[in-house]
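**Student:** just to be clear, the model below is a prediction. Sequence and coordinates:
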Amino acid sequence: MRPTNQSAVGLFGVFFMLFTTMLLAQRPEIQYFRTWDQDGVNVFEPAKNNSVEFTGIKVRVGGAFSQQFQALSHSNDTTFAGASAKLYGLAPGFNLATANLNLDVQLGDGIRMCLENYMSSHHHQEFWVKGGYIQVDKLPMFNNPEWFTNYVRVKMGHFQPNFGDQQFRRTDNGNAMYNPFVGNYIMDAFTTEIGGEVYLFPVDNIMAMVGLSTGLIKDDIKEYTDGKQRAPSVYVKLAYDNNFSDDVRFRLSGSFMANANSGRNTLYGGDRTGSRYRAVMELAGADLTSKAFSGRWNPGFSNKIMSFQLNPFVKFKGLEFFGIYEMVSGNNLTRNNETGMFEFVDDNKRSVTQIGAEVLYRFFKDEQVYVGAKYNSVSGQMNAGYRDGNGDFIDASINRIELGAGWYVTRNLLLKAEYVSQKYVDFPNTTQYYEGEFNGIVIEANVGF
C-alpha cells in the first residue's frame, strides 16, 4: 500500500507544479475568506467588513503541499529502564510529503462553504476528509438585514473549534504557509468537532464568540448505560484587534473551553496528521505511522477538561511578537474491570501549563524574508501514570527553542529552515524520556494556493 500512496503524493506534487499558475489565473474571489497563501499570514478570524461583490456561485480549488528534510539526533539515559528505553535509530533524510486539497464555495451572498481534505499525512497516507463547514455573514433570504450583515456571523459543521490564536499560526498537515517555524507548539490545542459558533462584532476592533460542540472528534449516537450522559464542549472567545497606524498593530485574545463529561475528549490529541519531527524520542522499532506525533505532548485529558488560553500579538513595522499562556486541567477516564465502563476517578485530576513566545523580523518587499526565534515550555503533571512512592503526581517539563528563517519565493511558495532543541526534564527514569533531548536542523518547502 505505501509505495502506491507515496506515488500518489508525488503525482500530487507534480500536479501542483504544473497547474498552480493556471488555477491562480482562474481563481475567483470569495467573501469573508482567509486565503491559503502568504496573504493569509497574520490573519485570524476573517474580517467582518467585505469588499467582494456577490455575482453568483463560485468554486475555488485550493491546496497545500509540504516536504521536509530533517537531520535530527536524540538521546536519553537508559541506566534504569535498560534496553526497553533504547531510541529509534535516526539518520538524515526526507520525510513523507504531506498534502491538502481545499474546496471553497460561494453559495450565496455572504454564505460560503469550506471542505478541507488531507491527500496524505504521516498518520494516514490515504486521502481522507478533515471536515467542512458553512459560514453565514449575510441573510439574503431575508433581504440582508443590516444588523446581521454588520454585527453577526454564524458557523456550522464539522470543523476546528475557534479556541486560542495559536491555531492561526500552526501547520495543518500540508498547509504550513502561516507558520514561520517548522514545528507546532508542544501541547497542540487542535481538534475537529461537530458544532456551531456565533460571532458578534459589536464595535470596531472587538470580536466575541460562543461555541457549542459535541466534545468528541467524531459522531457518537450511542446510549450511555452507566447513567452518566456525555456533555457538549462549551467555549468562548473575546478578542481585541486594532491597527493604530500603518506600522502598529495590537491584538489580545482570551479563550476558555470546558467539557463536563466526554467519552473521549481530544482537545490536545485531535490532530490525526502527525508532527514535523519524525521519530524523535520514539522507541527502537516503533511503527512511525502509529507513532506520528513525535516531539509533541498530549496530556491525556480525555474527560472533565477545562482550558484557558491567552494570546498577545504585537506588530511594529517588520518586528513581530506572538505569545501564548495556557492553563488546562482534566483527568483520564479509567475502565472499571467489573462493569467494563469508563469512569471518572477523582485522584486522576491533573493540571498542565504551557507558555510560549515568538519574535520575528520580516523584511524586504512585501515582507518576503524573515528571521525569528521561538521559545516553548510545557510543565506540570504531564501524565496520570507518573507518580512517586506516595502516589502523588510527578511534575515534569518539556522545553524547546527554535531558531528559524524563511523566504516567500512567491506568495504561494515558502522555503524555511530551522534549528530546534528540545529537552525533557524530571521525567521518571522508567520512561524513554528520562534525561531525553533532541536537536538538529529541519528544512521545509511549502506550497499554498
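**Tutor:** Structure's in. What do you need? Because the structure is a prediction, the values reported are computed rather than measured.

**Student:** who are the packing partners of the longest strand out of those in the chain?
**Tutor:** Identified as the longest strand of the chain according to DSSP state E is strand 58-75. Counting by 3 or more CB pairs under 8 Å, 6 or more residues apart in numbering; DSSP states H and E, the packing neighbours recorded for strand 58-75 are helix 2-26, strand 93-94, strand 98-108, strand 437-448. Heads up, the C-betas are built off the backbone N, CA and C, glycines and all.

**Student:** and the last one, which residues are buried?
**Tutor:** Neighbour counts using 16 or more other CB atoms under 10 Å place E437, F438, N439, G440, V442, E444, A445, N446, V447, G448 of strand 437-448 among the buried residues.

**Student:** list the strands paired with it, with their directions.
**Tutor:** strand 58-75 (antiparallel), strand 413-425 (antiparallel) (DSSP bridges).

**Student:** want to throw these into TSV with distance to S121 and mean pLDDT?
**Tutor:** Below are the strands paired with strand 437-448 laid out as TSV (distance: least, CB to CB, whole Å; pLDDT from 0 to 100):
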stretch	distance to S121	mean pLDDT
strand 58-75	10	96
strand 413-425	19	98
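
**Student:** low-scoring stretches of the stretch 151-300 of the chain, by residue?
**Tutor:** Applying pLDDT under 70 to the stretch 151-300 of the chain flags the ranges 222-229, 263.

**Student:** got a list of what V420 touches?
**Tutor:** Each residue near V420 by CB atoms under 8 Å, 6 or more residues apart in numbering is listed here: 72, 182-183, 277, 400-403, 438-442.

**Student:** now, among these, which is nearest to A81?
**Tutor:** Within these, proximity to A81 (CB to CB) peaks at F438, which comes in at 17.4 Å.

**Student:** the closest one bridge partners, please.
**Tutor:** Note on F438: beta-bridge partners H74, Q422, judged by DSSP bridges.

**Student:** from L216, how far out is it?
**Tutor:** In this structure, F438 and L216 are 32 Å apart, going by CB to CB, to the nearest Å.

**Student:** kindly report the same for E444.
**Tutor:** To L216, E444 is 32 Å away according to CB to CB.

**Student:** want to throw the strands paired with strand 437-448 into CSV with distance to N376?
**Tutor:** Shown next, in CSV, are these (distance: least, CB to CB, whole Å):
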stretch, distance to N376
strand 58-75, 17
strand 413-425, 9
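
**Student:** which among those is found nearest to S245?
**Tutor:** Proximity to S245, assessed across the strands paired with strand 437-448 by CB to CB, is greatest for strand 413-425 (27.6 Å).

**Student:** off-centre distance for the closest one?
**Tutor:** Relative to the centre of its chain, strand 413-425 is centred 16 Å away, using CA atoms, centre = their mean, to the nearest Å.

**Student:** buried set for it?
**Tutor:** Across strand 413-425, burial judged by 16+ other CB under 10 Å covers L413, L414, K416, A417, E418, V420, Q422, K423, Y424.

**Student:** cool, stretch 246-255 as well?
**Tutor:** Across stretch 246-255, burial judged by 16+ other CB under 10 Å covers R249, F250, R251, L252, S253, G254, S255.

**Student:** between these, which sits nearest V129?
**Tutor:** V129 has its nearest neighbour among the buried residues of stretch 246-255 in S255, at 25.7 Å by CB to CB.
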